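Pasting the sequence and the predicted model now:
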Amino acid sequence: MDIQALIREIPDFPKPGILFKDITTLLRDAGGLRYTIDALAEKCEHFAPDFIIGMESRGFIFGAPLAYKLGAGFIPVRKPGKLPAAVHSIQYELEYGMDCLEVHQDALHPPDCRILIVDDLIATGGTAEATAKLVQKSGCQLVGYAFVIELKDLNGRKRLPEAPIVTLVQY
Ligand SMILES: O=P(O)(O)OC[C@H]1O[C@H](OP(=O)(O)OP(=O)(O)O)[C@H](O)[C@@H]1O
Ligand SMILES: Nc1ncnc2[nH]cnc12
């Protein structure tokens, strides 16, 4: 299936010069959504993750159903002030600004568990890099990354700590 045809492009959002890849048009297409989750599952099965870690908010949309399909648990990484228990925090740079991510301190265990990072899109790689640092700090095994979309010109994959990267659509 051509899922690229279901991803809408919006120029100058949220700032001038950014060509925004809008996944809402993919998500509302039942066949497109199912295909996307199934394709991610097929490409990620061999990672045999114990947990998928997904970043707020678009990482939740793909991370949770992928965890369900792979028989893994799901760990949310959230924007500041949203998680109720003690957190680890990390600051990171976006294609269009700075942000911070948090994860529950007691979520990443046992120390030898296998973690797959999942998000909708990799641009500069800042979000995934920050999440990888949270995983590595915990001592858990980072087994891979999976993204629906990769913006190749931004070279995000160069910033990621060593682990295989799966992407479905490249621009
Ligand atoms: O590779 P990067 O340059 O870090 O950019 C990619 C990140 O940017 C977007 O999230 P955003 O922070 O816009 O939040 P959202 O998911 O809540 O829309 C996207 O969902 C990725 O998480
Ligand atoms: N160009 C882009 N489109 C959609 N989400 C993004 N996150 C970072 N850059 C983005």
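Right, received. Where do you want to start? Ligands and ions are numbered 1, 2, ... in the order given.

So for stretch 138-158, what gets flagged as buried?
Within stretch 138-158, the residues scored as buried using 16 or more other CB atoms under 10 Å are 138, 140-151, 154, 156. Backbone N, C-alpha and C define where each C-beta goes, glycine included.

tell me, which of those make contact with ligand 1?
Among these, proximity to ligand 1 is found for Gly156 (CB under 6 Å from any ligand atom).

Return the subset of the buried residues of stretch 138-158 lying in helices.
Counted as lying in helices by DSSP state H, out of the buried residues of stretch 138-158, are Ser138.

Of the buried residues of stretch 138-158, which belong to strands?
141-150 (DSSP state E).

Redo these as TSV? Include pLDDT.
Putting those into TSV (pLDDT from 0 to 100) gives the following:
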residue	pLDDT
Gln141	97
Leu142	98
Val143	98
Gly144	98
Tyr145	99
Ala146	99
Phe147	99
Val148	99
Ile149	98
Glu150	98
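
Can you pick out the most distant pair from those residues?
Put simply, by CB to CB the two of those set farthest apart are Gln141 and Ile149, 25.4 Å from each other.

And ligand 2, is stretch 119-132 touching that?
Yes: using CB under 6 Å from any ligand atom, stretch 119-132 reaches ligand 2 at 121, 123.

Contacts for that stretch next, please.
Applying CB atoms under 8 Å, 6 or more residues apart in numbering, the external contacts of stretch 119-132 come out as 21, 23, 53-55, 58-59, 61-63, 77, 90-95, 99, 101, 117, 142, 145-151, 154-161, 163, 165, 167.

Out of the buried residues of stretch 138-158, flag the one nearest to Asp12.
Leu151 (15.8 Å).

isn't the closest one right next to Arg157, touching?
No: with contact defined as CB atoms under 8 Å, Leu151 does not count as touching Arg157 (10.4 Å).

My reading is that Pro16 lies in a strand. Confirm?
No: read with DSSP: H, G, I helix; E, B strand; the rest coil, Pro16 is coil and lies in no strand.

pLDDT score assigned to it?
You'll see Pro16 listed with a pLDDT of 94.

hmm, who's touching stretch 89-100?
Under CB under 8 Å, 6+ apart, the answer for stretch 89-100 is 14-15, 18, 79-80, 101-102, 123-124, 126-127, 129-131, 133-134, 154.

Between its first and last residues, how far does that stretch reach?
7 Å (CA to CA, to the nearest Å).

Is the most centrally placed residue in the chain in a helix, a strand, or coil?
Closest residue to the average C-alpha location of the chain: Asp119 at 1.7 Å, with CA atoms, centre = their mean. Look at Asp119: counting by three-state DSSP, its state is strand.
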